[in-house]
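1. Here is a sequence with its predicted model. Questions after.
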Number of protein chains: 2
Amino acid sequence: MNTFTHSFAPLQNDTFLRACLRQATPHTPVWLMRQAGRYLPEYRATRAKAGSFMGLATNTDYATEVTLQPLERYPLDAAILFSDILTVPDAMGLGLSFALGEGPKFAHPVRDEAAVMKLAVPDMDKLRYVFDAVTSIRKALNGRVPLIGFSGSPWTLSCYMVEGAGSDDYRLVKSMLYSRPDLMHHMLQVNADAVASYLNAQIDAGAQAVMIFDSWGGVLADGAFQAFSLAYTRRVLAQLKRHGVDGQVVPRLVFTKGGALWLDDMGTLDCEVLGLDWTANLGRARAQVGGTVGGPGKALQGNIDPNVLFAPPAQIEAEVIKVLNSFGTPHRAPADQPDLTGPTHIFNLGHGINQHTPPEHVTALVQAVHSHSQKMRSL
Amino acid sequence: MNTFTHSFAPLQNDTFLRACLRQATPHTPVWLMRQAGRYLPEYRATRAKAGSFMGLATNTDYATEVTLQPLERYPLDAAILFSDILTVPDAMGLGLSFALGEGPKFAHPVRDEAAVMKLAVPDMDKLRYVFDAVTSIRKALNGRVPLIGFSGSPWTLSCYMVEGAGSDDYRLVKSMLYSRPDLMHHMLQVNADAVASYLNAQIDAGAQAVMIFDSWGGVLADGAFQAFSLAYTRRVLAQLKRHGVDGQVVPRLVFTKGGALWLDDMGTLDCEVLGLDWTANLGRARAQVGGTVGGPGKALQGNIDPNVLFAPPAQIEAEVIKVLNSFGTPHRAPADQPDLTGPTHIFNLGHGINQHTPPEHVTALVQAVHSHSQKMRSL
């Protein structure tokens, strides 16, 4: 126990954390990947004040402000730290920047043996701004909903570290993988240990759940995914703290975009929740890894196509119902065994929300999730 | 039978066509998606003479020249028509162009009801340049290897027709899909009937197999894939001629990039071959849809990651062996039943070859496929 114990307000809405632990909830909890983001005019206003994306992410007050913005608009069941997946390689000295209207860029990509061998787990003090933001957000939330911390997966970080930016074909990182698997494994080990330290520091700062974004795991070949992505996600998970500063269990979520094909493999990870994109069938995923009542299994998170949010509200509602029904009625617990576990679903998009999304369409989505998922439980 | 009968030379290497029909072959046939392309200096020279990509594709002599170029370098087991997947919407009047160094662009994208309702199956005379190229290439091949014709899938054409160009998020086409499924279904019907006419005309011109490239089927959500991509691929297949001008069966190949998750659904298609990208496990795919000796089933095509070609030859060979072994020993027929069918594999990349590929690395790949696959059969 550390000095933060009892310094945070008690949690009022625990549906997300309960669903992560496969415990019954009165409705299906919902949050949205990148819910604090460019589709919100209030986000764009704060971003303008901050001057740059990194100016926003490194300022505790701004990061707190934008994290809470979507909660003011929508009755979401969780908040997620506002930050970027590339803070860790930035702290390793790669020089992260965001040109306006473009994606992230590294000034010093890692492309040869010398650069790989220089990599080391960064001093976590360089990431203090992230941990400060976690504590500040947790305080500002004041117990409304739990706060999720996050990191990119070791493989996803490697993609950016080698490519130096986003990529269409992952040619450089895969060239290294196939030509010098020894270098790639070395980089992934460093990344995994760095990610573990980073997530543990977020947990110590107040994060109530942590999520690993394996955004580019799905670009790997069968076999390579298991060896170069999954194995290092496993290495991160093995090092994570199991309890937060308030003594509560901290659920661990893993999301591999394009990973539904490898769900059986992912089912062997030591984590509580698996995220899925829209290509997955939630009913089939539940049968594969969702487990049974009283038995082990993973909670599932996802998986509506973010582009559904461009349709009118009536169609959004219909598509939400399709996704909820594809999972099926979630686990319900008898009154005398409220913590009996069973298959549970956390509603989310299958990927980050699109910056062009009309904000009022998100209202329709969240409402549809809550109302239909309540009805499902009473049938 | 039409007037072309007997005008083409007899086929000397039938390994590709036999493998398509799940008949035994002495080695695993191999060809590469986009094998005639920018990674070859001789291609770039012809492209420079032609002035533009469309200048190249619409000129019979140039199209013939570049189609044969990779066969001069490598002992490939099939040729594929040099053309583009967007010729059909171009013939519909959308105005295709290729800016240097960029992807395809349509001058008149299809974005509203009026534009959708104006769409019609184009006069196939507008695509005469394609059919002329097919006949010219078939003659120039002189029976060396069979010639594959191809088209984009109805859904993949719709993606480009609505987006007007390539896309990261398919926002516009999916907005139409979710907002106005009626319009999307209408467009897909027109596309399917146009693709069927287009492929039938290629068959009449001399194509010995036809392939449908569903390059963007994998971006759809589960459920949407079946309704908006697979259903219209099925509609194309139902209209295809079963025999070519020489009376031979014309195998039909379907490749959905990112489609391995839906392989069971794809197994119900009325086609001979299913293509897979590198995310698939060929052994699992074989168990799902490859069938048994003497029974029905699909031949499988694929699926090495094109980025393997950036590794040195020794690693390329090792990765080729992994892919061949993941499929396992292909069907071998007893001497007195040479046409007995069983599970077969056609080696290919999981996607088009990268323009930066060193041409000599392709030599290593083709050689490894032939030599190792021969060895597998003698074990």
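-> That came in fine, so what should we check first?
2. Where do the strands of the stretch 201-350 of chain A begin and end?
-> With DSSP state E, counting those that start in this stretch as the criterion, the stretch 201-350 of chain A has strands at A:209-214, A:252-256, A:273-275, A:299-304, A:345-349.
3. Any chance of TSV for the ones you listed, columns distance to B:Ser167, mean pLDDT and mean neighbour count?
-> C-beta coordinates here come from the backbone N, C-alpha and C atoms, glycine included. Shown next, in TSV, are the strands of the stretch 201-350 of chain A (distance: least, C-beta to C-beta, whole Å; pLDDT from 0 to 100; neighbours: other C-beta atoms under 10 Å in any protein chain shown):
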stretch	distance to B:Ser167	mean pLDDT	mean neighbour count
strand A:209-214	22	98	25
strand A:252-256	22	98	26
strand A:273-275	23	98	25
strand A:299-304	19	98	28
strand A:345-349	18	98	28
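4. Including distance to chain B, could those strands go into TSV?
-> TSV is the format used below for the strands of the stretch 201-350 of chain A (distance: least, C-beta to the nearest C-beta, whole Å):
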stretch	distance to chain B
strand A:209-214	14
strand A:252-256	11
strand A:273-275	15
strand A:299-304	8
strand A:345-349	11
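5. As TSV, those with distance to B:Ser83 would be great.
-> TSV is the format used below for the strands of the stretch 201-350 of chain A (distance: least, C-beta to C-beta, whole Å):
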stretch	distance to B:Ser83
strand A:209-214	37
strand A:252-256	36
strand A:273-275	40
strand A:299-304	37
strand A:345-349	37
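6. what does chain A put close to chain B?
-> A:169-171, A:174-175, A:177-179, A:218, A:220-225, A:258, A:260-261, A:278-281, A:304-308, A:310-312, A:315, A:319, A:322, A:326, A:350, A:354, A:356 (C-beta under 8 Å from any C-beta of the partner chain).
7. what about burial for those residues, which qualify?
-> Buried members of those, counted by 16 or more other C-beta atoms under 10 Å in any protein chain shown: A:169-171, A:174-175, A:177-179, A:218, A:220-222, A:224-225, A:258, A:260-261, A:278-281, A:304-308, A:310-311, A:315, A:319, A:322, A:326, A:350, A:354.
8. quick one: A:Phe255 and A:Ala280 touch, right?
-> No. Look at A:Phe255 against A:Ala280 with C-beta atoms under 8 Å: they stay out of range, at 11.2 Å.
9. Which residues are in contact with each of the two?
-> Taking C-beta atoms under 8 Å, 6 or more residues apart in numbering or on different chains as the contact rule, A:Phe255 and A:Ala280 both touch A:Gly302.
10. The nearest residue to A:Ser151 once chain neighbours are set aside - how many residues pack around it?
-> Computed as C-beta to C-beta, 6 or more residues apart in numbering or on different chains, the closest residue to A:Ser151 that is not its neighbour in sequence is A:Val195, at 4.7 Å. Neighbour count for A:Val195, taken as other C-beta atoms under 10 Å in any protein chain shown: 28.
11. Please determine how far A:Val195 is located from B:Thr329.
-> Distance from A:Val195 to B:Thr329, counting by C-beta to C-beta, to the nearest Å: 41 Å.
12. now for the helix or strand harbouring the residue nearest to A:Ser151, which elements pack on it?
-> Assessed by DSSP states H and E, A:Val195 sits inside helix A:181-205. Here helix A:181-205 touches helix A:87-89, helix A:113-118, helix A:128-141, strand A:147-152, helix A:154-163, helix A:171-179, strand A:209-214, helix A:231-239, going by 3 or more C-beta pairs under 8 Å, 6 or more residues apart in numbering or on different chains; DSSP states H and E.
13. what is the mean pLDDT for it?
-> Regarding helix A:181-205, the rounded mean pLDDT is 98.
14. can you give me how far that helix is from the chain middle?
-> Mean-position distance between helix A:181-205 and its chain equals 16 Å (C-alpha atoms, centre = their mean, to the nearest Å).
15. list the buried ones in that helix?
-> By neighbour count on 16+ other C-beta under 10 Å, the buried set for helix A:181-205 is A:183-185, A:187-205.
16. How about the spatially most central residue of chain A, nearest residue that isn't a chain neighbour?
-> For chain A, the residue nearest the mean C-alpha position is A:Met211 (4.1 Å; C-alpha atoms, centre = their mean). Here the nearest residue to A:Met211 in space, its sequence neighbours aside, is A:Leu253; by C-beta to C-beta, 6+ apart that works out to 4.0 Å.
17. Just the pLDDT for A:Met1.
-> pLDDT recorded at A:Met1 is 40.
18. Sketch out the low-pLDDT regions of chain A for me.
-> A:1-6 (pLDDT under 70).
19. Looks to me like A:Lys375 is in a helix.
-> Yes. Counting by DSSP: H, G, I helix; E, B strand; the rest coil, A:Lys375 is part of a helix.
20. and it, how many residues sit next to it?
-> A:Lys375: 12 neighbours (other C-beta under 10 Å).
21. Ok, A:Thr46 next?
-> Neighbour tally, A:Thr46, other C-beta under 10 Å: 19.
22. Can you give me the distance of it to A:Pro104?
-> Look at A:Thr46 and A:Pro104: by C-beta to C-beta, they are 19 Å apart.
23. got a list of what A:Thr233 touches?
-> For A:Thr233, the contact set (C-beta under 8 Å, 6+ apart) comprises A:Ser153, A:Pro154, A:Trp155, A:Ala192, A:Ile212, A:Asp214, A:Gly217, A:Val254, A:Thr256, A:Leu269.
24. and with 10 Å instead?
-> By C-beta atoms under 10 Å, 6 or more residues apart in numbering or on different chains, A:Thr233 lies in contact with A:153-156, A:188, A:192, A:195, A:212, A:214, A:217, A:252, A:254, A:256, A:266, A:269-271.
25. what's the answer for A:Ala311, then?
-> A:317-319, A:361, A:364, B:174-181.
26. and with 6 Å instead?
-> For A:Ala311, the contacting residues are B:Tyr178, B:Ser179, by C-beta atoms under 6 Å, 6 or more residues apart in numbering or on different chains.
27. Count the residues that sit near the closest residue to A:Ser326 other than its chain neighbours.
-> Ranked by C-beta to C-beta, 6+ apart and with sequence neighbours excluded, the top spatial neighbour of A:Ser326 is A:Leu282, at 4.4 Å. Look at A:Leu282: counted by other C-beta under 10 Å, it has 25 neighbours.
28. The one 10 residues further on too?
-> Counted with other C-beta under 10 Å, the neighbours of A:Thr292 add up to 11.
29. same check, this time on A:Ala287
-> 12.
30. in the stretch 1-150 of chain A, which spans are helices?
-> Counting by DSSP state H, counting those that start in this stretch, the stretch 1-150 of chain A has helices at residues A:15-20, A:41-50, A:53-57, A:60-73, A:87-89, A:113-118, A:128-141.
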